[in-house]
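Undergrad: using only what follows, build the 3D model:
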Amino acid sequence: MFAITNKHAGKVRVSRQASNKNYVKHKQKSVKKDVTLYKKLLEPQKHYLKEGISPEKYKSILQDKCNKGHHHYKSVTDEMIDALVSRYETKVSESIEKTKALRKEKEKKRQMRKMISETRAKLVEEKDKELRKEITKHLLYLGHVKKKDNEKDKNKDKETPTQEPTEKTNLSELTSVIGGKYLEAHDTKWTNLYQKLVTDRNCLKFDIADDADWYQFLMNGGK
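TA: Numbers count the residues shown, from 1 in each chain. Model (predicted):
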């Protein structure tokens, strides 16, 4: 009988690199971090900051724990207490300044959204009036719409306003007005204006397709 000295004997696939590599297990040594007393006492400050405890109350808490002889507080000196309170005051002031900055930024964004909303509503309303006026002018010129006759009892100088297309007017109603099922070539101009009037995207009324350009257009007050 021959002794089998090869550890990979009988295996179908053996990696040449794995077979030639000697595995040495190294025992990892756990390294303990030396935590000083001062760093240990800094840990509760996070909890006190979340609770909104003032520096005066924090100092009284430290002194109370020192007087009662709590763990980690038996060897605390007055200089260490002053250092802890000083650091805590700095953290409190930084937190207050950060909160003020966030509120200021939030209010600024709210005012900006309000200004953009008001500007958009004003510009869209003016544009809709302009589009209705242009559409009515083209319809009157082509003879699709006629002015209403003035009533005899009213003053002749006062003319009855023409019926302008509204946003609720659809294409079938307009084709019925012009007396045909299909739009003619000379109707292209006013139909394009009509499409702008009834579009769901307000930016298309101003020939702006990109949302970023539309936002910048409103930021500039429509210029």
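Undergrad: which helices and strands does the longest helix belonging to the chain pack with?
TA: In terms of residue count, the longest helix belonging to the chain (DSSP state H) is helix 78-142. In this structure, helix 78-142 packs against helix 37-42, helix 44-51, helix 55-68, helix 171-178, helix 188-198, helix 211-219, with contacts taken as 3 or more Cβ pairs under 8 Å, 6 or more residues apart in numbering; DSSP states H and E. The C-beta positions use only the backbone N, C-alpha and C, and glycine is treated the same way.
Undergrad: 7 Å - rerun?
TA: Counting contacts by 3 or more Cβ pairs under 7 Å, 6 or more residues apart in numbering; DSSP states H and E, helix 78-142 is packed against helix 44-51, helix 55-68, helix 188-198, helix 211-219.
Undergrad: average pLDDT across it?
TA: In this model, helix 78-142 has an average pLDDT of 89.
Undergrad: against residue 194, how distant is the spatially closest residue to residue 189 that is not a sequence neighbour?
TA: Using Cβ to Cβ, 6 or more residues apart in numbering and skipping the chain neighbours, the partner closest in space to residue 189 is residue 138 (6.1 Å). Computed with Cβ to Cβ, to the nearest Å, the distance linking residue 138 and residue 194 is 10 Å.
Undergrad: returning to that earlier point: could you export the helices and strands packed on helix 78-142 as JSON lines, including distance to residue 133?
TA: Putting the helices and strands packed on helix 78-142 into JSON lines (distance: least, Cβ to Cβ, whole Å) gives the following:
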{"stretch": "helix 44-51", "distance to residue 133": "61"}
{"stretch": "helix 55-68", "distance to residue 133": "67"}
{"stretch": "helix 188-198", "distance to residue 133": "10"}
{"stretch": "helix 211-219", "distance to residue 133": "22"}
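Undergrad: out of those helices, which comes closest to residue 92?
TA: helix 55-68 (5.9 Å; Cβ to Cβ).
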